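**Q** what shape does this take:
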Amino acid sequence: MTVSIVVVSHSDKIADGAVELAAQMAPDVMILAAGGTDDGRIGTSLEKVLAALERAGGQAGGDQTGTDQAAAKPGGNGTVVLTDLGSAVMTAESALEFLANPAGVLLADAPLVEGLVAAAVAAQGGAEVQAVREAAEAAAGPPRQPEPGRTEGRDAGPVSSASPDCTGDFELVNQAGMHARPAAKVAGGLASLDAEVTINGVDGASMTGLMTLGAGKGTVLHVEAWGADAERAVEYVGGLVQAGFGEP
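**A** Numbering: from 1, shown residues only. Below is the predicted model:
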C-alpha cells in the first residue's frame, strides 16, 4: 500500500482537476478530492473532507465524494492533505478531530497543484508519509519559518559551502526536456532520500525550481549531492534522464 492523498479545495472543479492531473503520474496512489460545498457552491464541506479522510485511511466505507482513481485501494500507510486557501486548512483540521485515528494524517503547507504532483510522485515511489509531505512542501521552496517541533531538513537547501559527496552529468534525451512530469518525478524521488541535491544550481527537490531551468532536449544536467544518500540521489536522477523519463 502507498500513502494516500486528500485534496481540499473551495472548488470541486479545482479539486477534481488537480486529482486528475496527479493521477496521470501516480496511477497506484489513492488521491481523493474534497472540493466545494455539499450543494455544489464555492466553499468547503466538513462532511466531504471527513468522508475523504476516512476512505483514504480505510477507516470507513461508503460512497466517495469527489474524484479518485477507480483501481486504487484504501491506503494504510498514512495520508497527506493538501489545501488551497486558509479556511480549507481550518476545515481539514476540524475533520481530523472526528477521526478515530488521526495520527497518520499530515497536513502539508504546500502549493496545491505543484505540491500535489510532487507528493503523488513521491507516494508512487513508495515514500513514507513524512517524506510525501516533505515532497509537497519542497515544491514551494524553502519554508519561511520552521514549525515548532519540526527540525529543518532538506528544505533548508544544499550545503553548498562543502564539496559535494557525489556528482554526475546527464544529457536530456527526451523530446520535451524537463517539463512538469519529469520535474515531478525527479523532485518526488529526491524528497524521499537523505540527501541535499542541486541540479544546474537549483534545488533538486523543487518541482517548480527544476521547471524554471527551461532545460530542453540536449541540455546537460549537472547534479551535485551531499549526505548519506548522495550516491543514490545522483544515480536516481541519472537513471531517469538516461531512460528519457519513459517518454519519446
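
**Q** now do the same contact list for G43.
**A** G43 makes contacts with H10, G36, T37, as judged by C-beta atoms under 8 Å, 6 or more residues apart in numbering. (Glycine included, C-beta is placed from N, CA and C.)

**Q** next up, phi/psi of it, please.
**A** Backbone torsions for G43, taken as degrees, to the nearest 10, come to phi 150, psi -170.

**Q** distance of it from G239?
**A** According to C-beta to C-beta, to the nearest Å, G43 and G239 sit 44 Å apart.

**Q** and the strands in this protein, which stretches?
**A** 4-9, 31-35, 79-83, 105-107, 166-171, 196-199, 202-203, 220-226 (DSSP state E).

**Q** using JSON lines, please lay out those strands together with distance to V117 and mean neighbour count.
**A** Below are these laid out as JSON lines (distance: least, C-beta to C-beta, whole Å; neighbours: other C-beta atoms under 10 Å):
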{"stretch": "strand 4-9", "distance to V117": "10", "mean neighbour count": "30"}
{"stretch": "strand 31-35", "distance to V117": "10", "mean neighbour count": "30"}
{"stretch": "strand 79-83", "distance to V117": "10", "mean neighbour count": "30"}
{"stretch": "strand 105-107", "distance to V117": "17", "mean neighbour count": "19"}
{"stretch": "strand 166-171", "distance to V117": "22", "mean neighbour count": "15"}
{"stretch": "strand 196-199", "distance to V117": "17", "mean neighbour count": "26"}
{"stretch": "strand 202-203", "distance to V117": "16", "mean neighbour count": "20"}
{"stretch": "strand 220-226", "distance to V117": "20", "mean neighbour count": "20"}
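
**Q** make TSV from those and add distance to L96 to it.
**A** Below are those laid out as TSV (distance: least, C-beta to C-beta, whole Å):
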stretch	distance to L96
strand 4-9	11
strand 31-35	13
strand 79-83	9
strand 105-107	6
strand 166-171	40
strand 196-199	31
strand 202-203	30
strand 220-226	35
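
**Q** lowest mean pLDDT across those, which one is that?
**A** Among those, strand 202-203 has the lowest mean pLDDT, at a mean of 93.

**Q** that one pairs with which strands, parallel or anti?
**A** Strand pairing for strand 202-203, using DSSP bridges, gives strand 196-199 (antiparallel).

**Q** quick one: contacts of stretch 19-26?
**A** Stretch 19-26 is contacted by residues 5, 7, 29, 31-33, 66-69, 113, 116-117, 119-121, 123-124, 181, 184-185 when judged by C-beta under 8 Å, 6+ apart.

**Q** for that stretch, buried residues please.
**A** Buried residues in stretch 19-26, defined by neighbour count with 16 or more other C-beta atoms under 10 Å: V19, L21, A22, A23, M25, A26.

**Q** and what of stretch 42-50?
**A** G43, T44, S45, L46, K48, V49, L50.

**Q** turn those into TSV, including pLDDT.
**A** Output for these, formatted as TSV (pLDDT from 0 to 100):
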residue	pLDDT
G43	96
T44	96
S45	96
L46	96
K48	97
V49	97
L50	96
